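Peer 1: Please find the sequence and the predicted model below.
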Amino acid sequence: MKVMVMVKANKDSEAGVMPSQELLAAMGEYNEALVSAGIMEAGEGLKPSSQGARVHFNGKDRTVTKGPFIEINELVAGYWIWKVDSLEEAIEWVKKCPNPMEEASDIDIRPIYEMEDFEEVDTDGKCLDQEKTLRHTIAMQKAQVNNYLFFSGCCEEALAFYQTHLGARVDMLLRFNESPEPMPEGMLPPGYEEKVMHCEFAIGDMTIYASDGCGDEGAFAGFNLALTIDSEEEARRVFEVLADGGTVRMPLEKTFWSPLYGQVVDKFGMGWIVMLPPVA
């Protein structure tokens, strides 16, 4: 079950009084314990109601009232979202919490409705299906997509090349012999112990993952890295560098969608699209 655990507001929190350093540290340790136990899904402190607003609904009418609000004992100063096995488990965890205020305070625990709770109303299951779709959509909106390149033994050489000519920035690099766990026997070809197991590098605002893989991973087929550059001079320089030792599939030229566009496969087998941004 999921519960919302709410820290009730008081005159100090509504006045914007900051917690002491000791209390802040204690709450940090408590949050670490919640995360380590695997029950904390979210948690935030709320600014005073003087910085918020309230919208009152009456039929089709909407009335907006700016804070502060006088019913301090009805306000919330912070919250957690926990996933627990029972209300009793949540109670035990709350009892371990440091007093969140410098004076007497209250923490409320409220179970969160799950769609299964509405089965008697949602008789055809359409609302449940809609809820599942929305949850999937929200999860994917937070997802990150990165290219992962396998260089079949020449990853480090490729990184040096991209650093020199494309201004690549290598953020981390882990070799097979630095792995915290040993590789399965027979997985690596001879001499691969110092090859790149995993690395992360950036070109412009694009983050790319890369590895030597575990042998011949084959050519980079079916996709390209698209590199948009504002300067024509720089675009031509980059294209020539990538074409050196590689293959030009489409020379740089004007197209109806870009003032300058070309396709090239570099000497490592990586396909690139080099282009200027479209003219507005």
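Peer 2: Ah, there it is.

Peer 1: these two touch, right, Met6 and Val76?
Peer 2: Yes. Using C-beta atoms under 8 Å, Met6 is in contact with Val76, at 4.8 Å. C-betas here are computed from N, CA, C, even on glycine.

Peer 1: Comparing those two, which residue is more hemmed in?
Peer 2: For Met6 versus Val76, the count of surrounding residues by other C-beta atoms under 10 Å is larger for Met6: 18 against 15.

Peer 1: helix/strand/coil for the more buried one?
Peer 2: strand (DSSP: H, G, I helix; E, B strand; the rest coil).

Peer 1: quick one: pLDDT of it?
Peer 2: pLDDT, Met6: 98.

Peer 1: Please name the bridge partners of it.
Peer 2: Tyr79, Asp108 (DSSP bridges).

Peer 1: For it, give its distance to Ile109.
Peer 2: Per C-beta to C-beta, to the nearest Å, Met6 is found 8 Å from Ile109.

Peer 1: Grab the nearest non-local neighbour of Ile39.
Peer 2: Trp82 (4.7 Å; C-beta to C-beta, 6 or more residues apart in numbering).

Peer 1: ok, the one you found - contacts?
Peer 2: 2-3, 5, 34, 39-41, 90, 93 (C-beta atoms under 8 Å, 6 or more residues apart in numbering).

Peer 1: Then Leu188?
Peer 2: Taking C-beta under 8 Å, 6+ apart, one finds 176, 195, 214-215 in contact with Leu188.

Peer 1: buried set for stretch 61-76?
Peer 2: Neighbour-count burial for stretch 61-76 flags 69, 72, 75 (criterion: 16 or more other C-beta atoms under 10 Å).

Peer 1: Does Gln263 belong to a helix, a strand or coil?
Peer 2: Secondary structure of Gln263, per three-state DSSP, is strand.

Peer 1: now the stretch 101-250 of the chain, which segments are flagged as low pLDDT?
Peer 2: For the stretch 101-250 of the chain, the stretches flagged by pLDDT under 70 are 216-217.

Peer 1: go with 80
Peer 2: For the stretch 101-250 of the chain, the stretches with pLDDT under 80 are 143-145, 215-222.

Peer 1: where exactly do the strands run in it?
Peer 2: 107-111, 147-150, 169-175, 196-203, 206-211, 225-228, 247-253 (DSSP state E, counting those that start in this stretch).

Peer 1: which one among the buried residues of stretch 61-76 gets closest to Thr247?
Peer 2: Leu75 (66.3 Å; C-beta to C-beta).

Peer 1: Look up how far Pro68 lies from that closest one.
Peer 2: Distance from Leu75 to Pro68, by C-beta to C-beta: 9 Å.

Peer 1: Touching both of these two, which residues are there?
Peer 2: With C-beta under 8 Å, 6+ apart as the test, Leu75 and Pro68 both reach 14, 49.

Peer 1: nearest residue to Val7 other than its sequence neighbours?
Peer 2: Per C-beta to C-beta, 6+ apart, closest to Val7 is Gly78, 4.2 Å.

Peer 1: show me the contacts for that neighbour.
Peer 2: 6-7, 43-46, 100.

Peer 1: In TSV, list those residues along with secondary structure.
Peer 2: Formatted as TSV, the contacts of Gly78 follow (three-state DSSP):
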residue	secondary structure
Met6	strand
Val7	strand
Gly43	strand
Glu44	strand
Gly45	strand
Leu46	coil
Pro100	coil
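
Peer 1: of the residues you listed, closest to Gly167?
Peer 2: Among these, and counting by C-beta to C-beta, the member closest to Gly167 is Glu44, at 38.0 Å.

Peer 1: Alright, calling it a day.
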